[in-house]
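Undergrad: okay, structure incoming, though there's no sequence with it:
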């Protein structure tokens with residue numbers, strides 16, 4: 001994994017989108033199609049706005065997303081597929097396919113089986129992601145499962161994660177934040193040919209320090225990215241402020 005510290009959040013978003021777009025276009029040129037994973041959350045707002053403005057042939061792109069709360073409908077402000085429908089799918093009408101995680105499916109095991117059957121045979125060309133305040137990767141909170149092979153799994157959300165969602169304004173109170181979610185597994189994320197991470201904001205500085213400079217371990221799930229040969233962590237100065245050589 002490499003990291004790049006940009007001048008500000010706008011530069012971070014533009015660079016992350018551009019890096020991902022190049023990889024998507026390369027996959028289309030080589031194979032005639034591309035498979036992409038998108039993340040959500042406040043950290044992805046600006047990057048997605050940049051990405052939809054590129055000249056990618058979206059008619060050749062299939063999109064999965066990283067995670068979704070269990071039991072939340074698309075009409076809830078915190079629904080991740082609602083977020084992507086509004087900020088991405090509606091803005092690229094030529095998109096080949098969007099495989100949404102239906103977190104409110106009546107049979108969540110069947111829903112996961114459906115998603116796993118679709119994703120398992122595919123090669124993911126680009127995975128866009130972020131890092132949580134507790135260093136989670138997707139919704140794989142510490143201690144994350146680094147061993148499970150299934151592409152999607154059900155996970156429990158820890159209090160730090162749920163407080164982050166509350167703090168970002170997605171829910172009115174902590175009790176309203178779901179305690180379980182469907183998440184792409186760590187192993188599945190690590191299978192992506194390229195991982196492009198957008199991580200702005202001082203709230204993420206401690207997690208970034210552990211992800212970049214700490215020992216690799218499931219108590220700091222994003223630290224596993226140190227083992228990925230083509231992962232780029234795009235940071236703004238506040239998010240990078242606790243890295244060696246940048247303190248004080």
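TA: In hand now; what should we look at? Here the structure is a predicted model, which is why all the values come from computation and not from measurement.
Undergrad: and the residue nearest to residue 246 when sequence neighbours are not counted, how many neighbours?
TA: Using Cβ to Cβ, 6 or more residues apart in numbering and skipping residues adjacent in sequence, the residue nearest residue 246 is residue 240, 5.5 Å away. (Glycine included, C-beta is placed from N, CA and C.) Residue 240 has 23 neighbours, counted by other Cβ atoms under 10 Å.
Undergrad: please apply the same query to residue 206.
TA: By the criterion of other Cβ under 10 Å, residue 206 has 16 neighbours.
Undergrad: would you confirm that it contacts residue 243?
TA: No. Here residue 206 lies out of contact with residue 243, judged by Cβ atoms under 8 Å, at a distance of 10.7 Å.
Undergrad: give me the low-pLDDT residue ranges for this structure?
TA: Scanning the chain for pLDDT under 70 picks out 245, 247-248.
Undergrad: this structure: helices as residue ranges?
TA: 9-31, 45-51, 80-87, 108-119, 159-167, 186-190, 205-213 (DSSP state H).
Undergrad: report the buried residues of the fifth one.
TA: Buried residues in helix 159-167, counting neighbours by 16 or more other Cβ atoms under 10 Å, are found at 161, 162, 164, 165, 166.
Undergrad: which one of the residues you listed is nearest residue 22?
TA: The closest of the buried residues of helix 159-167 to residue 22 turns out to be residue 164 (Cβ to Cβ; 30.6 Å).
Undergrad: so what's the residue nearest to the closest one when sequence neighbours are not counted up against?
TA: For residue 164, ignoring the flanking residues on the chain, the nearest one in space by Cβ to Cβ, 6+ apart is residue 133 at 4.7 Å. By Cβ atoms under 8 Å, 6 or more residues apart in numbering, the residues touching residue 133 are 160, 161, 164, 203, 204, 206, 207.
Undergrad: biggest separation within those residues, which pair?
TA: Counting by Cβ to Cβ, the most remote pair of the contacts of residue 133 is 161 and 206, 14.3 Å apart.
Undergrad: need the contact list for the closest residue to residue 102 other than its chain neighbours.
TA: Nearest non-adjacent residue to residue 102, counting by Cβ to Cβ, 6+ apart: residue 111, 5.3 Å away. Residues in contact with residue 111 (Cβ under 8 Å, 6+ apart) are 101, 102, 103, 105, 182.
Undergrad: touching, the second one and residue 80? I think so.
TA: No. Assessed by Cβ under 8 Å, residue 102 is found out of contact with residue 80, at 11.1 Å.
Undergrad: what about residue 2, how many residues nearby?
TA: 11.
Undergrad: typed the wrong thing, it's residue 56
TA: Residues near residue 56, counting by other Cβ under 10 Å: 21.
Undergrad: swap in the one 10 residues further on?
TA: Residues lying near residue 66 (other Cβ under 10 Å) number 28.
Undergrad: name the nearest residue to residue 3, sequence neighbours excluded.
TA: Nearest non-adjacent residue to residue 3 (Cβ to Cβ, 6+ apart): residue 233, at 4.0 Å.
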